[in-house]
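Peer 1: here are the coordinates; sequence isn't available:
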């Protein structure tokens, strides 16, 4: 069917219209949706059912469970809900005795989708007629009772319209057709690729050498020696070489001395064991007292230097008659400082 749409963000809700409401039993009213003067059908992604198809008296319904990752369908249904509230508000003066506020419509509107299992799924309740057609992937008709909650189905839904009373508004959705599909076969088989190990034998090519027997000549040793002397006397040439005086290097002596100095010394372990000298560690209090005494001596020295500097300043003031200078603040600071006795240190 050409007018079955798949929910997307490109859907134009401005073409969606509401027909005039008709009364139902029990004081309720119903207004039907039209898209380009035709009923509104959508095809859903794969879903599960909460309890399969449930029969309640004369009615049959199913709670479709969509994964929380099916954001396109969820967003489309939320936009549909917003559009319904807008259309009702626009028809308020025509349909109702007193005009309704937008906030009143929003508070009285029942959302078609609900969170299920802590947000893992979105639940959408749809009405089902007894003559519903359920198919499998081989286009074979299945009975309604054969659909179990663990089966994945793809559904064709008709967004019929809005049913409302004096208290609430709700969107009526009917399941028109379903197909039971197998779950995603991904990872049902082993897709891990094993590393390919290739055994390559490396042969070292060595040149083959043919060993040939060497000729062995047997001769008397004395004759060979005599012949060698004769040949050497004939081929000898006298060459005068320049004499170079090479001074003996002292590197050998230095190296020898260094080696002698770096000779290893033997140590008798018994001498170490017989050494009765003991090592004593200072107590923490003794260390703290030494630190305190050093700080006290330093403070005394600084105090004496400050007194001498102050006396020198007073002497300069008196010598050059600088009585007009107001340094009372400095003197008072020094007096306060000088009040610190040696006991304070």
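Peer 2: Perfect, I can see it now. Because the structure is predicted, anything quoted here is derived from the model rather than measured. Residues are numbered from 1 along each chain as shown.

Peer 1: Show me the helices in the stretch 51-200 of the chain, by range?
Peer 2: For the stretch 51-200 of the chain, the helices defined by DSSP state H, counting those that start in this stretch cover 71-90, 92-95, 102-108.

Peer 1: Tell me, what's the model's pLDDT at residue 275?
Peer 2: Note for residue 275: predicted pLDDT of 57.

Peer 1: hang on, I meant residue 52
Peer 2: Predicted confidence (pLDDT) for residue 52: 94.

Peer 1: Would you convert the helices of the stretch 51-200 of the chain into CSV that also reports mean neighbour count?
Peer 2: For the C-beta atoms, the positions are set from N, CA and C on the backbone; glycine is no exception. Output for the helices of the stretch 51-200 of the chain, formatted as CSV (neighbours: other Cβ atoms under 10 Å):
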stretch, mean neighbour count
helix 71-90, 17
helix 92-95, 13
helix 102-108, 13
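
Peer 1: and those helices, which one's lowest on average pLDDT?
Peer 2: Note on the helices of the stretch 51-200 of the chain: helix 92-95 shows the lowest mean pLDDT, a mean of 86.

Peer 1: Select, out of the helices of the stretch 51-200 of the chain, the one closest to residue 309.
Peer 2: helix 71-90 (82.0 Å; Cβ to Cβ).

Peer 1: Out of the helices of the stretch 51-200 of the chain, flag the one nearest residue 138.
Peer 2: Distance to residue 138, taken as Cβ to Cβ, is lowest for helix 71-90 among those, at 26.3 Å.

Peer 1: Tell me which of the helices of the stretch 51-200 of the chain lies nearest to residue 174.
Peer 2: Taking the helices of the stretch 51-200 of the chain one by one with Cβ to Cβ, helix 71-90 is closest: 14.9 Å.

Peer 1: Turn the helices of the stretch 51-200 of the chain into TSV, columns for distance to residue 38.
Peer 2: Formatted as TSV, the helices of the stretch 51-200 of the chain follow (distance: least, Cβ to Cβ, whole Å):
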stretch	distance to residue 38
helix 71-90	16
helix 92-95	23
helix 102-108	26
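
Peer 1: To residue 142, which of the ones you listed lies closest?
Peer 2: helix 71-90 (23.7 Å).

Peer 1: Select, out of the helices of the stretch 51-200 of the chain, the one closest to residue 16.
Peer 2: Closest among the helices of the stretch 51-200 of the chain, using Cβ to Cβ: helix 71-90, at 6.0 Å.

Peer 1: The closest one - contacts with which helices or strands?
Peer 2: strand 16-18, helix 102-108, strand 109-110, strand 113-116, strand 152-164, strand 169-181 (3 or more Cβ pairs under 8 Å, 6 or more residues apart in numbering; DSSP states H and E).

Peer 1: what is the rounded mean pLDDT of the shortest one?
Peer 2: I take that to be strand 109-110. In this model, strand 109-110 has a mean pLDDT of 94.

Peer 1: cool, the fourth one as well?
Peer 2: In this model, strand 113-116 has an average pLDDT of 94.

Peer 1: Equivalent analysis for the first one, please.
Peer 2: Taken as a whole, strand 16-18 has an average pLDDT of 93.

Peer 1: Give the next helix or strand downstream of that strand.
Peer 2: strand 22-23 (DSSP states H and E).

Peer 1: Which residues does whatever helix or strand comes next after that next one contact?
Peer 2: Per DSSP H and E, the first helix or strand lying C-terminal to strand 22-23 is strand 29-35. Strand 29-35 is contacted from outside by 3, 15-24, 39-40, 159-165, 172, using Cβ atoms under 8 Å, 6 or more residues apart in numbering.

Peer 1: unless I'm mixing things up, residue 126 is touching residue 178, no?
Peer 2: No. Contact criterion Cβ atoms under 8 Å: residue 126 and residue 178 do not qualify, at 9.9 Å.

Peer 1: Determine the residues that are contacts of both of the two.
Peer 2: residue 155.

Peer 1: between the two, who's got more neighbours?
Peer 2: Neighbour count, other Cβ atoms under 10 Å: between residue 126 and residue 178, residue 178 has more, with 27 against 21.

Peer 1: Now for residue 46, how many residues are close by?
Peer 2: Counted with other Cβ under 10 Å, residues neighbouring residue 46 total 15.
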